[in-house]
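**Student:** Here is my input; please provide its structure:
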Amino acid sequence: MRPLIGALLLASSAIAGAQVVPAGNSKPQPLPMPAPIPEPRDIAYPGTIALDVDMTDTQRGIANVHETIPVSASGDTVFFYPRWQPGNHAPSGPLSNVAGLRFRANGQDLPWTRDPVNLFAFHIDVPAGVRRVEASFQFLSSTTPGTSLTSPDLLRLEWITTSLYPAGYFVRDVPVAATARYPDGFTAVSAVPATRTGSTYRYQTTSYEILMDSPVVAGRYYKAWPLTPRVTLDTFADTPEQLAASPEQIDAHRRLVDQAVKLFGAQHYDNYHFLFSISDQIGGSGLEHHRSSEDGTGLGYFTEWDTQIQARNLLPHEYAHSWDGKFRRGADLWTPNYDVPMRPGLLWVYEGGTQFFGYLLQARSGLVSKQDTLDQYASIMAGLDVSPGRGWRPLVDTTYDEAVNGRRPKPYASWQRTEDYYNEGLLIWMEVDSMLRERSGGSKSIDDFARAFFGVRDGDYGELTYTIDDVAATLNGIVPYDWRGYLVRRTTELGNHAPLEGFRRNGYSLTYTDQPSKVWKQGEKARKNVDMTYSLGFVADMTGKVTGVLWDSPAFKAGLSSGTQIVAIGDSAFSDDRLRAAVTAAKNGGKPVSLLLRNGDKLRTAVIDYHGGLRYPHLQKTGAGETGLDRLLAPR
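**Tutor:** Reported below is the predicted structural model:
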């Protein structure tokens, strides 16, 4: 009887639970969705778009856009503002910066309506007999120095933010003839050739896809260094003094190109331009393109060379993307236009592989010394190894982070995880290199994979897509192994520690000392912070404001969180040196670190019971003679 009574009780409670909405309540039904927007088709576009952008209003950060767009039929016609932007891997098109949008034909305004589902799509009703539609709008850049796209002496023109394109076509099939006007005295550079008349540049007709992938940097102070007949370092700066590069510095950039070509074995461009800006007026950037890269850094790249170690990784990384990400691209990430969603599941190849190759090339070229590169590796390894988020969120899921989070700050990034596919991807590719060396008796390495996978079709700057099976098959052709199983396991597994095995196999292990490396000290100085991640478990800026807390660390257990203000250390006002001294004094049973904290109007004292002293990551060589990592970083 007891089982029967229990079953009856469960059934009656289920029936009662089903009455979620009382019978007398209103119960609406959803409206049907609007008619779908035409899917992109791989067919010829009927005409050439004329795109005209006026960039002369740099003081106010206003780009005036005028576009003549051919149309082949009357009735409902849809134009897109680019939404899914290559290199961002996310629906990041800055549509909110667009204002003053108008459409006209035959001298008459054409009313537009935004699609109620796809907010980046605009509908107009094209009258019978109309063959061209005129579109115009303003793109409004930030005017805050350091974040703006323009300044009185320097600007970036990104066609993908200053244009519309028609629905129903692959963007590679849509021809565009672009014209741009710049302030007097400016020189402009893009991968697309142009003829210049005064301050007006008329760009060679090309496809919409290629134009969007070929931004412009223009400025008053400019210097070009040819690195090879096909590659140029086009450098712009706020002042001419920032362009004072030594011959030795330029030679290091020449070696970068030489080492990249030796590594990959082919070049996927007819010409390549490092669009390099040295500025504190326009925003810094690192964005890859097939035949160029937007490379922006702060002041002092040449003039304060010895303090710019971190900045010198930018160009190797973005240049490697010409092969990894632009030419070879995950099949699920490639899309026929900028409205089709990108699926970023293979970013551990696209970005993780490029992260690996970027550090490799900086060392091989001498842009960054071997020791400084080892110290950068140590920071990467340590940061991932202490992040407990690996215990619940697999690496492959972090490939969606940019689309989900948009690079907004996270309160507990070590637990939530961020775009770890960059640096954990680097660890995976280091392990691949170590396995190739080990299984081939030292005769094969990642160089063999780079040439086999990326070094094909010299001069081809289309896209050659791949799947994980293609990656595994290429590796298997070098050294037979269950590479697919390995890659799937590494990208989907959960664990408490990062995969550091590749470094161990290649002759180095992660260790900690109480002395920071030169790279570490430069990083703290550049970020204006004190980083106690591997001791107390938090980072604070130079005012004592906590900017990050390691999950489950001593600081976390003491109740610190991002935004907490450290007012005092013991009975003395906060300073970075006092904080370090307190940690040192607490070592081996000394007095715990006592912090006076402020959250809003509330003050409290937190005692952090940590006695391990200062800890900074380093790489330590574990074997005698030349190791796999030594050989990996040596120039070719």
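**Student:** Following the chain onward from the helix or strand where residue 133 lies, which element is next?
**Tutor:** Using DSSP states H and E, residue 133 maps to strand 132-140. Scanning forward in sequence from strand 132-140 by DSSP H and E, the next helix or strand is strand 150-151.
**Student:** who does that following strand pair up with?
**Tutor:** Strand pairing for strand 150-151, determined by DSSP bridges: strand 154-157 (antiparallel).
**Student:** Identify each buried residue in the strand it pairs with, please.
**Tutor:** Of all the residues in strand 154-157, those buried under the rule 16 or more other CB atoms under 10 Å are 154, 155, 156, 157. Any C-beta I mention is one placed from the backbone N, CA and C, and that applies to glycine too.
**Student:** Can you show me the helices along the stretch 501-636 of the chain?
**Tutor:** Under the criterion DSSP state H, counting those that start in this stretch, helices of the stretch 501-636 of the chain are mapped to 501-505, 518-527, 554-557, 576-585, 628-633.
**Student:** Residue 39 contacts residue 168, correct?
**Tutor:** Yes. Using CB atoms under 8 Å, residue 39 makes contact with residue 168 at a distance of 7.3 Å.
**Student:** before we move on, the earlier item: out of the helices of the stretch 501-636 of the chain, which gets nearest to residue 284?
**Tutor:** Ranking the helices of the stretch 501-636 of the chain by their distance to residue 284 (criterion: CB to CB) puts helix 518-527 first, at 11.6 Å.
**Student:** can you list contacts of that closest one?
**Tutor:** 307, 309, 310, 372, 375, 376, 379, 516, 530, 531, 616, 617 (CB atoms under 8 Å, 6 or more residues apart in numbering).
**Student:** pLDDT at residue 35, what is it?
**Tutor:** Listed pLDDT for residue 35 reads 89.
**Student:** If you could redo that for residue 284, that was the one I meant.
**Tutor:** pLDDT at residue 284 comes out at 82.
**Student:** tally of neighbours for it?
**Tutor:** 17 (other CB atoms under 10 Å).
**Student:** same thing with residue 256?
**Tutor:** Using other CB under 10 Å, residue 256 has 25 neighbouring residues.
**Student:** Without its sequence neighbours, what residue ends up closest to residue 40?
**Tutor:** residue 336 (4.3 Å; CB to CB, 6 or more residues apart in numbering).
**Student:** so where's the chain shaky on pLDDT?
**Tutor:** The chain contains residues with pLDDT under 70 at 1-19.
**Student:** So which residue is dead centre in it?
**Tutor:** residue 88 (6.0 Å; CA atoms, centre = their mean).
**Student:** quick check, it in a helix?
**Tutor:** No. Going by DSSP: H, G, I helix; E, B strand; the rest coil, the assignment for residue 88 is coil, not a helix.
**Student:** Could you give the separation of stretch 227-239 from the chain centroid?
**Tutor:** Its chain's C-alpha centre and that of stretch 227-239 lie 22 Å apart, by CA atoms, centre = their mean, to the nearest Å.
**Student:** got it, and stretch 330-347?
**Tutor:** Relative to the centre of its chain, stretch 330-347 is centred 15 Å away, using CA atoms, centre = their mean.
**Student:** repeat for stretch 271-281
**Tutor:** 17 Å.
**Student:** now swap in stretch 555-565 and tell me
**Tutor:** Relative to the chain's own centre, stretch 555-565 is displaced by 29 Å; criterion: CA atoms, centre = their mean.
**Student:** from what I can see residue 487 touches residue 472, true?
**Tutor:** Yes. With contact defined as CB under 8 Å, residue 487 reaches residue 472; the gap is 6.3 Å.
**Student:** These two: which has the busier surroundings?
**Tutor:** More crowded of residue 487 and residue 472, by other CB under 10 Å: residue 487, with 21 against 18.
**Student:** Can you give me the distance of the more buried one to residue 421?
**Tutor:** 13 Å (CB to CB, to the nearest Å).
**Student:** More neighbours: which of residue 39 and residue 168?
**Tutor:** Neighbour totals were compared for residue 39 and residue 168, and residue 168 leads with 17 against 12 (other CB under 10 Å).
**Student:** tell me the contacts of that one?
**Tutor:** So residue 168 contacts 38, 39, 40, 41, 78 (CB under 8 Å, 6+ apart).
**Student:** Endpoints of stretch 183-190, how far apart?
**Tutor:** 16 Å (CA to CA, to the nearest Å).
**Student:** repeat for stretch 58-75
**Tutor:** Terminal residues of stretch 58-75 are spaced 38 Å apart (CA to CA).
**Student:** List the buried residues in it.
**Tutor:** Under 16+ other CB under 10 Å, the buried positions of stretch 58-75 are 58, 61, 62, 63, 64, 65, 67, 68, 69, 70, 71.
**Student:** you'd agree the fourth one is in a helix?
**Tutor:** No. Remark: residue 63 does not belong to a helix; assigned using three-state DSSP, it is strand.
**Student:** Not counting sequence-adjacent ones, nearest residue to it?
**Tutor:** residue 139 (4.2 Å).
**Student:** which residues pair with the one you found across the strands?
**Tutor:** residue 63, residue 98.
**Student:** State the number of residues packed around the closest residue to residue 33 other than its chain neighbours.
**Tutor:** Distance criterion CB to CB, 6+ apart; nearest residue to residue 33, sequence neighbours excluded, is residue 117 at 6.5 Å. Residue 117: 10 surrounding residues under other CB under 10 Å.
**Student:** Point me to the helix or strand that includes residue 117.
**Tutor:** Counting by DSSP H and E, residue 117 is part of no helix or strand.
**Student:** quick one, what contacts the residue nearest to the centre of the chain?
**Tutor:** 287, 402.
**Student:** Equivalent analysis for residue 588, please.
**Tutor:** 611, 613.
**Student:** List phi and psi for it.
**Tutor:** Dihedral pair for residue 588: phi 60, psi 50, per degrees, to the nearest 10.
**Student:** And the helices in the stretch 201-350 of the chain, which stretches?
**Tutor:** Using DSSP H, counting those that start in this stretch, helices in the stretch 201-350 of the chain cover 208-212, 247-264, 314-320, 347-365.
**Student:** In a strand, residue 128, correct?
**Tutor:** No. Residue 128: not assigned to a strand; according to three-state DSSP it is coil.
**Student:** Would you agree it is in contact with residue 74?
**Tutor:** Yes. Checked against CB under 8 Å, the pair residue 128 and residue 74 is within contact range at 4.5 Å.
**Student:** burial of residue 522, as a residue count?
**Tutor:** 19.
**Student:** Just the C-alpha atoms of the strand holding residue 133, please, in CSV.
**Tutor:** Extracted in CSV, the C-alpha atoms of strand 132-140 (Å, rounded to 0.1, in the frame of the first residue of the first chain):
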residue,chain,number,x,y,z
ARG,A,132,20.7,53.3,-58.0
VAL,A,133,20.0,54.2,-54.4
GLU,A,134,22.0,56.9,-52.6
ALA,A,135,22.8,56.3,-48.9
SER,A,136,24.4,58.7,-46.5
PHE,A,137,25.2,58.8,-42.8
GLN,A,138,27.8,60.0,-40.3
PHE,A,139,30.0,57.7,-38.3
LEU,A,140,30.7,59.4,-34.9
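**Student:** contacting residues around that strand?
**Tutor:** Contacts of strand 132-140 (CB under 8 Å, 6+ apart): 47, 61-71, 77, 79, 94, 97-105, 110, 124, 126, 161-162, 164.
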